[in-house]
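A.B. asks: Turn this into a model:
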Amino acid sequence: MTSSEMTRRRVMGFGLGVLAALPAGCSGDSGPVRRLRLATGPEGGPYNAFGQALARAVATSGRRIEIVPVSTAASVNNLRKLDEGSVELALAMADVAEDAVLGREPFLRPAAATALARVYVNYTHLVVPADGPVRSVRDLAGRPVAAGAAGSGVQVVAERVLRAAGLSGAPAPATTPAPASTPAPAADERQLGLAASVSALREGSVDALFWSGGVPTPALADLARELPLRFLPLDAHVGALRERHGPVYTEVTLPAGVYGLTEPVGTIGIGNYLLARTDVPQGAVGDLLQVVFERWRDLLREVTAGARLEPRFAISTGEVPLHPGAAAHYRSVYG
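C.D. replies: Numbers count the residues shown, from 1 in each chain. A predicted model of the protein is given here:
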């Protein structure tokens, strides 16, 4: 049994004890409204849309909690805010969340974060003009690339893909085989959010853009209707990423039909976690998760098509431990 599995079992066991001590009925039946700030992402992005939808769902639920979405630069920024206590809840990509709780770069020490649920999967997009010269990651050598906003999870996965391909200014990990020929020049990574990345690709000031989000991402779907695009396969890099960073990375497929694709494109999948500080009351966590599972269709409609939220999916949070209130909720509802 791995250390993370042992930790999860201990937390789940503790959750049962907590549940037994709670009074019967909804924890939100009485008492003051608990106000919880949720770090989301930039306005117009999927995290922000999820946060706004969650705030609306909670407001109409009758439960004694209030969700206040906070616009941010997304995953890295969100974990830092959660750790410092300026928010109580956060959304973040799984790879960034694991780095945070384990104290790995770019975090200087382990962050105070626990998981409430794995809510959906991000699909990594590497997009180039269809009539351009770029047909693989290696073709990005020396070229300008929109690689995600500073402090975002997109920036993290873009940097890791480019590093695995030998195109990052950062040193290649020891597990990456050395190129057989002269190393290629690094890609020219530009720190741009999604809207700015789309504009830059349309105008030709970058040759490619990275994005990690639901399928279809509306901004990319709109771009595909006005500019022929090519979505580069990234599934060949999953093995190297898993070897270096763990099983948070999986092989997924952009299906034929989205973005005008005539055939599927293999790429990198990364879960998204709803996170909380450990000091968020367990009753508030239980109330929040009740809303999440009651209204998941409304919440996911804004960010990804065809996704489902199921308990066995939701508790798969890797090295990020479940909040005791979340463990109690899953045990009480699903056994």
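A.B. asks: what does stretch 295-307 rub up against?
C.D. replies: Contacts with stretch 295-307, where a contact means CB atoms under 8 Å, 6 or more residues apart in numbering, come from 46-47, 49-50, 52-54, 57, 61, 119-121, 213-216, 258, 292, 308-309. C-beta: built from backbone N, CA, C; applies to glycine.
A.B. asks: Just the buried residues out of those residues, in ChimeraX syntax.
C.D. replies: The command below creates a ChimeraX selection of those among these that count as buried (16 or more other CB atoms under 10 Å):
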select :46,47,49,50,52,53,54,57,61,119,120,121,213,214,215,216,258,292,309
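A.B. asks: quick one: which of the contacts of stretch 295-307 sit in helices?
C.D. replies: Of the positions in the contacts of stretch 295-307, 46-47, 49-50, 52-54, 57, 292 sit in helices, assigned by DSSP state H.
A.B. asks: Save those residues as a markdown table, and put in distance to residue 82 and pLDDT too.
C.D. replies: As requested, these are exported to a markdown table (distance: CB to CB, whole Å; pLDDT from 0 to 100):
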| residue | distance to residue 82 | pLDDT |
| --- | --- | --- |
| 46 | 19 | 88 |
| 47 | 13 | 92 |
| 49 | 20 | 91 |
| 50 | 16 | 94 |
| 52 | 19 | 95 |
| 53 | 20 | 95 |
| 54 | 16 | 97 |
| 57 | 21 | 97 |
| 292 | 18 | 97 |
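A.B. asks: Low-confidence regions, the stretch 51-200 of the chain specifically.
C.D. replies: Low-confidence regions of the stretch 51-200 of the chain, defined by pLDDT under 70, span residues 169-182.
A.B. asks: Now do the helices in it.
C.D. replies: Assignment of helices within the stretch 51-200 of the chain using DSSP state H, counting those that start in this stretch yields the ranges 75-84, 94-102, 153-164, 194-203.
A.B. asks: With residue 271 as the reference, name the closest of those.
C.D. replies: With CB to CB as the criterion, residue 271 lies closest to helix 94-102 of these, at 4.0 Å.
A.B. asks: measure residue 196 to residue 305 for me?
C.D. replies: Computed with CB to CB, to the nearest Å, the distance linking residue 196 and residue 305 is 24 Å.
A.B. asks: One more: residue 313?
C.D. replies: From residue 313 across to residue 305, the span is 16 Å (CB to CB).
A.B. asks: Which one's more surrounded, the two?
C.D. replies: Under the neighbour definition other CB atoms under 10 Å, residue 313 and residue 305 were set side by side, and residue 313 has more, 15 against 11.
A.B. asks: What distance do you get for residue 98 to residue 204?
C.D. replies: Distance, residue 98 to residue 204, using CB to CB: 37 Å.
A.B. asks: neighbour count winner among the two?
C.D. replies: Per other CB under 10 Å, whichever of residue 98 and residue 204 has more neighbours is residue 98, with 22 against 10.
A.B. asks: Per-residue pLDDT of the nearest residue to that one once chain neighbours are set aside, please?
C.D. replies: For residue 98, the nearest residue in space outside its immediate sequence neighbours is residue 319; the separation is 4.7 Å by CB to CB, 6 or more residues apart in numbering. The model reports residue 319 with a pLDDT of 95.
A.B. asks: how about the host helix or strand of residue 329: buried residues?
C.D. replies: Here residue 329 is covered by helix 324-334, with elements defined by DSSP states H and E. Applying a neighbour-count criterion of 16+ other CB under 10 Å, the buried positions in helix 324-334 are 324-330.
A.B. asks: tell me the two of those that are most distant?
C.D. replies: The distance between the two most remote of these (CB to CB) is 11.0 Å, for 324 and 330.
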